[in-house]
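Peer 1: need coordinates for the below:
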Amino acid sequence: MTVARRARGAVAVLFLVNGLTFANVVPWLPSIKSELGLSNTAFGLALAAAPLGGLIFGIAAGPLSARFGSGRTATCGAIVGTLGLPVIAVASVWSAFAGSLLLLGAADAVTDAAMNAHALRVQRRYRRSIINSFHALWSVGAVCGGLIGAGAVALGIARPVHLGAVAVLLAAAVLVAARWQLDGPEHAERYDEVAVSTAGAPTTPAGDGRGGHASHVPVDSRQGVRQALRTAPWLLLGFAALPTMAGAVEDSAASWAAVHLRETLGATPFIAGLGFVGAQAMMVVGRLTGDRTVDHFGARRVARSGSLLAAVGMLAVVAGPAPAVVIAGFGLAGLGVSTLFPLGLAAAGNIPGVRSADGVAVASWLARLSFLAVPPLVGLVADAAGLRWGLVLVLASALAAAALSGLLPDRPDR
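Peer 2: Have a look, this model is predicted:
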């Protein structure tokens with residue numbers, strides 16, 4: 001097996017584990033909300049603790065990846081994230097529930113940025129688009145995690161037993177796969193952008209940018225997150241906009257699908273868990289076909305059409321009179337936004353003059369604003385006018401993504 005194939009396997013495990021982690025919690029959310037006696041607003045505020053943790057700690061992924069390597073950083077983040085599962089399982093008050101989600105969100109943000117940066121290293125070795133396939137595995141993990149969690153709830157398995165066992169298995173998988181990650185500096189596969197000399201001085205290749213080795217011209221030695229923001233602030237904001245809107249749609253399935261199906265439509269606990277599963281299952285379809293679709297039609301067109309499809313799906317969620325319609329709506333929404341997150345992060349990781357890990361970390365950090373803002377806003381509107389009206393905010397996010405899709409480069413660098 002070649003180095004590139006082994007590294008692809010290592011990154012695949014990271015994405016799969018990352019998708020499995022929180023997904024195992026989702027089917028438990030209605031019972032946690034009920035046991036703790038939380039209003040929609042209080043529940044939404046607790047859910048917002050996860051993206052808050054991501055915002056506080058996620059920006060560190062760039063410097064940590066530069067210091068220790070994106071692979072090691074992602075591995076450590078993934079293991080810390082699994083520790084949040086048993087803590088959630090035993091949370092008995094709002095503060096403990098929110099605190100456990102804060103830990104999970106912080107670890108997830110670091111892992112997310114670092115594993116995407118490592119995925120870009122692997123993609124450059126392949127010299128073709130493979131980033132969507134990694135995100136497809138994340139969705140596979142989310143689907144499996146949702147089904148496992150829903151099954152545990154339906155079978156009456158104790159929450160600490162279920163989430164504790166999952167935590168042990170996921171941590172072991174990450175540690176085993178870590179040996180396959182790429183060695184060497186983070187710039188090793190970048191011949192047309194930022195590189196760092198063997199002496200440690202940051203450099204930028206001076207060449208035609210077609211993949212050949214070129215002479216290196218020194219650049220600012222303070223290259224990092226601040227340098228990334230100085231170099232391309234508007235590009236970073238633009239590329240973060242699509243993941244931000246996509247995140248609002250994706251998070252609605254994780255945070256509110258089970259609650260909406262259970263409380264608004266009276267679905268059984270197992271059926272209530274299928275809204276999230278449906279969204280993630282269709283995201284798998286979209287991401288498995290995403291690389292070829294983007295290569296054929298272009299990133300801009302795929303993002304725009306996908307956003308509009310997500311808007312149609314959320315309309316079905318908001319207006320759906322029966323669980324089947326709502327589950328189908330979440331499925332369409334998941335299919336529609338399936339490529340937006342990887343496209344936005346890949347574009348941010350290929351900005352000339354910016355290290356990949358820094359570009360991805362900044363864009364991911366900005367995108368997590370949606371995860372912080374949307375759950376409390378949906379909860380506030382839900383308490384005032386009903387959860388259907390709260391989910392209208394998510395429909396608006398899908399329409400905003402369609403408007404912002406033109407910011408993507410149609411053929412981004414790989």
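
Peer 1: can you identify the element that follows the lengthiest helix in the chain toward the C-terminus?
Peer 2: Determined from DSSP state H, the single longest helix within the chain is helix 94-126. Sequence order places helix 131-155 as the next helix or strand after helix 94-126, per DSSP states H and E.

Peer 1: so what does that following helix touch, helix or strand wise?
Peer 2: Where contact means 3 or more C-beta pairs under 8 Å, 6 or more residues apart in numbering; DSSP states H and E, helix 131-155 is packed against helix 3-23, helix 94-126, helix 159-177, helix 269-272, helix 274-288, helix 290-297, helix 340-348. In this view, the C-beta of every residue, glycine as well, is placed from N, C-alpha and C.

Peer 1: list the buried residues in it.
Peer 2: Of all the residues in helix 131-155, those buried under the rule 16 or more other C-beta atoms under 10 Å are 131-150, 152-153.

Peer 1: ok so, going back, mind listing what's buried along the longest helix of the chain?
Peer 2: Of the residues in helix 94-126, 94, 97-125 count as buried by neighbour count, 16+ other C-beta under 10 Å.

Peer 1: could you do stretch 164-183 as well?
Peer 2: 164-167, 170-171, 173-174, 177-178, 180-182.

Peer 1: for the residue lying closest to Glu263 once chain neighbours are set aside, give its distance to Arg292.
Peer 2: What sits nearest to Glu263 in space, not counting adjacent residues and going by C-beta to C-beta, 6 or more residues apart in numbering, is Leu387, at 7.0 Å. Note on Leu387: its distance to Arg292, by C-beta to C-beta, to the nearest Å, is 37 Å.

Peer 1: more neighbours: the two, which one.
Peer 2: Taking neighbours as other C-beta atoms under 10 Å, Leu387 and Arg292 compare with Leu387 leading, 19 against 12.

Peer 1: so what's the more buried one up against?
Peer 2: Contacts for Leu387 (C-beta atoms under 8 Å, 6 or more residues apart in numbering) come out as Asn40, Trp256, Val259, His260, Glu263, Thr264, Val378.

Peer 1: those residues into TSV, with extra columns for secondary structure and distance to Ser65?
Peer 2: Shown next, in TSV, are these (DSSP: H, G, I helix; E, B strand; the rest coil; distance: C-beta to C-beta, whole Å):
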residue	secondary structure	distance to Ser65
Asn40	helix	38
Trp256	coil	33
Val259	helix	36
His260	helix	37
Glu263	helix	41
Thr264	helix	42
Val378	helix	33
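
Peer 1: ok, so of those, who is nearest Ala240?
Peer 2: In terms of C-beta to C-beta, no member of these lies closer to Ala240 than Val378, at 21.0 Å.

Peer 1: that closest one and Gly286: what is the separation?
Peer 2: Val378 sits 23 Å away from Gly286, going by C-beta to C-beta.

Peer 1: higher neighbour count, those two?
Peer 2: Val378 (29 against 23).

Peer 1: what count of nearby residues applies to the residue nearest to the more buried one when sequence neighbours are not counted?
Peer 2: Excluding its sequence neighbours, the residue lying closest to Val378 (C-beta to C-beta, 6+ apart) is Gly390, at 3.9 Å. As a burial measure, Gly390 scores 25 neighbours (other C-beta under 10 Å).

Peer 1: state the distance from Gly390 to Val374.
Peer 2: The gap separating Gly390 from Val374 is 9 Å, by C-beta to C-beta.

Peer 1: mean confidence score for the strand or helix carrying Ala324?
Peer 2: Assigned by DSSP H and E, Ala324 belongs to helix 323-337. Averaging pLDDT along helix 323-337 gives 93.

Peer 1: elements contacting that helix?
Peer 2: Against helix 323-337 (3+ C-beta pairs under 8 Å, 6+ apart) you get helix 233-255, helix 274-288, helix 299-319, helix 387-404.

Peer 1: okay, the ones you listed in JSON lines with distance to Asp358 next?
Peer 2: Shown next, in JSON lines, are the helices and strands packed on helix 323-337 (distance: least, C-beta to C-beta, whole Å):
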{"stretch": "helix 233-255", "distance to Asp358": "9"}
{"stretch": "helix 274-288", "distance to Asp358": "25"}
{"stretch": "helix 299-319", "distance to Asp358": "21"}
{"stretch": "helix 387-404", "distance to Asp358": "22"}
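
Peer 1: indicate which one of the ones you listed is closest to Ala367.
Peer 2: Distance to Ala367, taken as C-beta to C-beta, is lowest for helix 233-255 among these, at 3.7 Å.

Peer 1: thanks again, I'm all set now.
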